[in-house]
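**Student:** below are the sequence and a predicted model; questions follow.
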Amino acid sequence: MDNTSITIAKIKLSDEPNFYKDYICKVVPVVITDLYQGQAIRDIRCKQDVIHNWGDIAIPVQDEYVQAYEQAATIPGPEEEQDPAPAVAETHRTMTIRDYYEFCASHSGVKKMCIEFTTPAQIKSCYSIPDICQHQPRESKTRIQQCFVGNKGNVANIHFDKGGHNGFLYQIFGKKRFVVFPHSAAKKLLPFTQMSGWKLQHFSDRERRDFLHFTGGQEVVLDAGDAIFVPAFCWHFADYLEDSMAIRIRFRRPGHSTELLNYLFPDMFTQGIIHKLADPALATTLYPSIISRILQCSSRRYLNGKQRVMALRLLAKEIYYELYPEEPMHSYSLDLENYLPPLLPHFLDADHRARPYYE
């Protein structure tokens, strides 16, 4: 089988003066081979280097994504008798990077990881923020730096990040399979809010290749020194093939995306809308009515927060099918949202009793 179509392209960032136009505005994932070229972080390329330089840094460690969610989902509701110390609380602990790897080495098969932890100053001092990450007028000033530490066997299931930022994920050491999917694949991914129902880690190599051809997905195995550009709202999956560590920078969210994300639900319909508006020039010239329709809908008076959320979600679906008239109206399988509870309280309707606050 020809694998060319499922391999993510690789470039040198220094050779791409038009990176913003060619990749950010067009929502195109790409692997960058020279990010942080000439900087200290590129001299740290193996586990021993990490332990030697950063072994004393304390990190929060938790169960692998899916295991943690499954435990959280089994916590009894308010009507049921609850243990005074829910099991999910035991899945989180703090340890040094050195202790973490020693723990993993002495507990065969354990899946513990540090995810989306604010990058410590000691690590930040080893690299400089690339110029392309600097915000421009009418863009969010928010820039987030995080690190990921995980042992072999961990995964990040197929999802997109609801924050709406672009991102660079730089692999410090270890091999990690990274898979991305186009927005057009959303209905094939068994979408539930920002998550997919598929568990790609259980696929054989042949099944995974066939699935990528079916969805239009692409993959790459990141090695030490590789970085992948993950566009805003891009579906992606990560598989820790070895013990590894990575850092990420989230950057440059257009102002109109910030505005819309304050009102829209994080699902495939919002993802599709934001994708069309990724290029600010096109957003203001071709699609100004989309933004105004959403803002008008959000400003109307409603009986309660739930009614407001539902009105906005219906409008988002209506706009989505206007933007993508070729899209089938129905999913390729069951609509998981009709059968499963939301993943987190802040995904709930605005006046749900479990939501931290409501209108």
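**Tutor:** Arrived safely, thanks for sending.
**Student:** all strands of the stretch 1-150 of the chain, in order?
**Tutor:** For the stretch 1-150 of the chain, the strands defined by DSSP state E, counting those that start in this stretch cover 10-11, 30-32, 58-63, 93-96, 112-118, 144-150.
**Student:** so which other helices or strands are in contact with the second one?
**Tutor:** Meaning strand 30-32. strand 10-11, strand 227-230 (3 or more Cβ pairs under 8 Å, 6 or more residues apart in numbering; DSSP states H and E). For the C-beta atoms, the positions are set from N, CA and C on the backbone; glycine is no exception.
**Student:** who's in contact with the residue lying closest to Thr118 once chain neighbours are set aside?
**Tutor:** Distances taken as Cβ to Cβ, 6 or more residues apart in numbering place Gln146 nearest to Thr118, at 6.2 Å, with adjacent residues excluded. Residues in contact with Gln146 (Cβ atoms under 8 Å, 6 or more residues apart in numbering) are 116-119, 247-248, 250.
**Student:** hang on, the earlier thing: using a markdown table, please lay out the helices and strands packed on strand 30-32 together with mean neighbour count and distance to His213.
**Tutor:** Listed next are the helices and strands packed on strand 30-32 as a markdown table, based on neighbours: other Cβ atoms under 10 Å; distance: least, Cβ to Cβ, whole Å:
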| stretch | mean neighbour count | distance to His213 |
| --- | --- | --- |
| strand 10-11 | 14 | 20 |
| strand 227-230 | 24 | 20 |
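**Student:** output those strands in CSV, with distance to Val28 appended to each entry.
**Tutor:** Shown next, in CSV, are the helices and strands packed on strand 30-32 (distance: least, Cβ to Cβ, whole Å):
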stretch, distance to Val28
strand 10-11, 10
strand 227-230, 8
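**Student:** adding distance to Glu242 and mean pLDDT, write those out as CSV.
**Tutor:** Converted to CSV, these look like this (distance: least, Cβ to Cβ, whole Å; pLDDT from 0 to 100):
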stretch, distance to Glu242, mean pLDDT
strand 10-11, 20, 96
strand 227-230, 16, 98
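**Student:** and of those strands, who's closest to Ala40?
**Tutor:** strand 227-230 (15.6 Å; Cβ to Cβ).
**Student:** report the buried members of the contacts of Gln146.
**Tutor:** 117, 119, 247-248, 250 (16 or more other Cβ atoms under 10 Å).
**Student:** where does the chain have low pLDDT?
**Tutor:** 1-5, 64-91, 333-359 (pLDDT under 70).
**Student:** quick one, domains of this protein?
**Tutor:** With domains defined by automatic domain parsing, the chain comprises 4-251, 255-347.
**Student:** which stretch among the helices and strands packed on strand 30-32 comes nearest Met310?
**Tutor:** So among the helices and strands packed on strand 30-32, strand 227-230 is nearest, using Cβ to Cβ, at 30.6 Å.
**Student:** neighbouring strands for the helix or strand just after the closest one, and are they parallel or not?
**Tutor:** Proceeding N to C from strand 227-230, the next assigned helix or strand is strand 235-240, under DSSP states H and E. Next to strand 235-240 in the sheet, as set by DSSP bridges, lie strand 155-159 (antiparallel), strand 176-181 (antiparallel).
**Student:** which of the residues in the last one are buried?
**Tutor:** So that's strand 176-181. For strand 176-181, by 16+ other Cβ under 10 Å, it's 176-181.
**Student:** swap in the first one?
**Tutor:** Going by neighbour count (16+ other Cβ under 10 Å), the buried part of strand 155-159 is 155-159.
**Student:** do the same with stretch 227-241
**Tutor:** For stretch 227-241, by 16+ other Cβ under 10 Å, it's 227-241.
**Student:** ok, stretch 128-148 next?
**Tutor:** Neighbour counts using 16+ other Cβ under 10 Å place 130, 132-133, 139-140, 145-148 of stretch 128-148 among the buried residues.
**Student:** which of those sit farthest apart?
**Tutor:** Checking the buried residues of stretch 128-148 with Cβ to Cβ, the most distant pair is Glu139 and Phe148, at 25.0 Å.
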